[in-house]
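1. Structure of the sequence below:
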Amino acid sequence: MREFLIDIFDDVRDDNRRKARPLAAKMRPRSIDEFVGQEHFVGPGKLLRRMLLADRLSSLVFYGPPGTGKTALAQVIAHHTKSRFRVLNATAAGTKDVRELLEHARRDLELHGERTILFVDEIHRFNKTQQDVLLPDVEDGVVILVGATTENPFFSINTPLLSRSQIFTFEPLAKEHIKTILQRALADTERGLGEIAVNIHPDALEFLAEISDGDARRALSALEIGVKSSLDDPVEYTLEVAQDSIQRKLLNFDPTGDTHYDLASAFIKSMRGSDPDAAIYWLARMLEAGEDPRFIARRLVILASEDVGNADPQALSVATAAWHAVEFVGLPECALNLSQATIYLATAPKSNAATTAIGAAMADVKGGRTIPVPKHLRDGHYKGAKQFGHGVGYQYAHDGEGGFVAQDYLGVDKTYYEPTDRGYEAEIKKRMEEWKRRKKEEGGGG
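-> From the prediction side, this is the model:
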């Protein structure tokens, strides 16, 4: 009788836990065929589907933004696998928890011949020691590791552990994927909202699919809030309801993580590629996410010389002025200064000739090419300099026609700076060609 009562209470507790789960958790797929998205590795004939259906999994790393199906796919694996399936959340588990679980896995393998699939959610939260604890049992095949992370695994997971795992990159879900998931939740009477009469307006569905940014969890949460907070029967899920139900997205940003560098990279490449609209968008993303505006200003100053250079010498002045303005004005107003400088640099003529020139010269210097200073260029102001021939024969440029004399300044025939035909650099190029002609005619050497 006592065991019967315990079973009843266990069933009640399980049922209450299921009811309390949010819609996004309830609607997680139970099979590979229910899984939506990530067709590049889960679609028919693709690698992970084949591995799963054949029950031939190796250790895996799921990498991608929130709400794209990492945990959902782990649960699909749990339903399909013939191995034991255990779960750890790296935010809560300590080294002791990891060691105990691995001990259970070894016992299951030795006594029952059963391997364990260990799903570690947010594995990037494990420190190096905790990751190292996993390594021997992963290497020996005692456990099959499935780690989920929103951080670049090449930055956040130890190299030995990563080298023993297959990495699958999750992409944000497409709008059609989100719509499919929402419509499935509305129709499902067992796990979803199918028992509630809901009339979702097409523009509301479109809005949720668009605003969720490929995050199914966010879209499902907004759907559940709108439906369950309504007093109408049937529920009229309008665009206004959808807008009230969605929460403002917290931008995924870590000033020390790969998102920081990805946004900065997109920002710089957009300016280099002369696309002011893209550059302004990435600038807005960084500012909205909390990027230090001084970091952005420094990137502008660098780009002004690296990618614009002498095609528009004014670019460096504009970028430097923006940097000073950021220090002087601060947020939020300095966003205007950054915007102005960003647009100026994006629309300026481009040249990397100055960058290439210093790179080539530095390579020669580092490679051991040490050119002695020609004697006529050496310091001739001290007593006795002429005895060594220092400064002898030097021609003062301002005494020449147009402020130029045909004179050797390097000692070898070498070209580092090759100006382009773009912007002001085209004028520089004409000037240099004229100087080169005069050197040849007047015998000034290299």
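2. To which secondary structure element type does Leu118 belong?
-> Following DSSP: H, G, I helix; E, B strand; the rest coil, we place Leu118 in the strand state.
3. same check, this time on His124
-> Secondary structure of His124, reduced to three states by three-state DSSP: helix.
4. got any ranges where the stretch 251-400 of the chain has weak pLDDT?
-> Within the stretch 251-400 of the chain, the segments meeting pLDDT under 70 span 251-258, 369.
5. go with 80
-> Residues of the stretch 251-400 of the chain that meet the criterion pLDDT under 80 lie in 251-261, 368-370, 377, 380-388, 391.
6. What segments of the stretch 201-350 of the chain are helices?
-> Secondary structure of the stretch 201-350 of the chain (DSSP state H, counting those that start in this stretch): helices at 202-211, 216-228, 239-245, 258-272, 276-289, 293-303, 314-329, 334-347.
7. Would you map out the domains in this protein?
-> Per automatic domain parsing, the domain ranges recorded for the chain read 37-169, 175-245, 258-347, 368-442.
8. could the ones you listed go into JSON lines alongside distance to Gly359?
-> Backbone N, C-alpha and C define where each C-beta goes, glycine included. Conversion of the domains of the chain to JSON lines gives the following (distance: least, CB to CB, whole Å):
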{"stretch": "domain 37-169", "distance to Gly359": "27"}
{"stretch": "domain 175-245", "distance to Gly359": "39"}
{"stretch": "domain 258-347", "distance to Gly359": "10"}
{"stretch": "domain 368-442", "distance to Gly359": "9"}
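9. ok, back up a step: most tightly packed of the helices of the stretch 201-350 of the chain?
-> Among the helices of the stretch 201-350 of the chain, judged by mean count of other CB atoms under 10 Å, the one packed with the most neighbours on average is helix 216-228 (a mean of 23).
10. Now do that helix, average pLDDT.
-> Taken as a whole, helix 216-228 carries a mean pLDDT of 90.
11. name the helices or strands packed onto it?
-> Based on contacts counted as 3 or more CB pairs under 8 Å, 6 or more residues apart in numbering; DSSP states H and E, the elements that helix 216-228 packs against are helix 23-26, helix 175-187, helix 202-211, strand 235-237, helix 239-245.
12. Make TSV out of the helices of the stretch 201-350 of the chain and add distance to Gly391.
-> Written out in TSV, the entries for the helices of the stretch 201-350 of the chain read as follows (distance: least, CB to CB, whole Å):
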stretch	distance to Gly391
helix 202-211	72
helix 216-228	73
helix 239-245	78
helix 258-272	44
helix 276-289	50
helix 293-303	37
helix 314-329	33
helix 334-347	42
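13. Out of these, the one nearest Ala92 is which?
-> Across these, Ala92 has its closest neighbour in helix 216-228 (19.3 Å, CB to CB).
14. Does Gly411 touch Thr370 like I think?
-> No - the criterion here is CB atoms under 8 Å, and Gly411 misses it with Thr370 at 10.9 Å.
15. Give me the more crowded residue out of those two.
-> The residue with more neighbours, out of Gly411 and Thr370, is Gly411; 14 against 7, by other CB atoms under 10 Å.
16. which secondary structure element contains that one?
-> Gly411 belongs to no helix or strand when elements are defined using DSSP states H and E.
17. which non-adjacent residue is nearest it?
-> Pro374 (4.8 Å; CB to CB, 6 or more residues apart in numbering).
18. Ala357 is nearest to which of the domains of the chain?
-> With respect to Ala357, and counting by CB to CB, the nearest of these is domain 368-442 at 4.1 Å.
19. Could you pull up the contacting residues of the residue lying closest to Ala204 once chain neighbours are set aside?
-> Leaving aside its chain neighbours, Ala204 sits nearest to Ala242 (4.1 Å; criterion: CB to CB, 6+ apart). The contact partners of Ala242, by CB atoms under 8 Å, 6 or more residues apart in numbering, come to 204, 207-208, 222, 226.
20. quick revisit: can you tell which of the domains of the chain is closest to Ala24?
-> Each of those has some distance to Ala24 by CB to CB; the shortest is domain 175-245, at 4.2 Å.
21. How far does that closest one sit from its chain's centre?
-> Here domain 175-245 shows a centroid-to-chain-centroid distance of 30 Å under the convention CA atoms, centre = their mean, to the nearest Å.
22. End to end on it, go ahead and measure it.
-> 18 Å (CA to CA, to the nearest Å).
23. With stretch 402-412 instead?
-> Between the opening and closing residues of stretch 402-412 we find a distance of 25 Å, counting by CA to CA.
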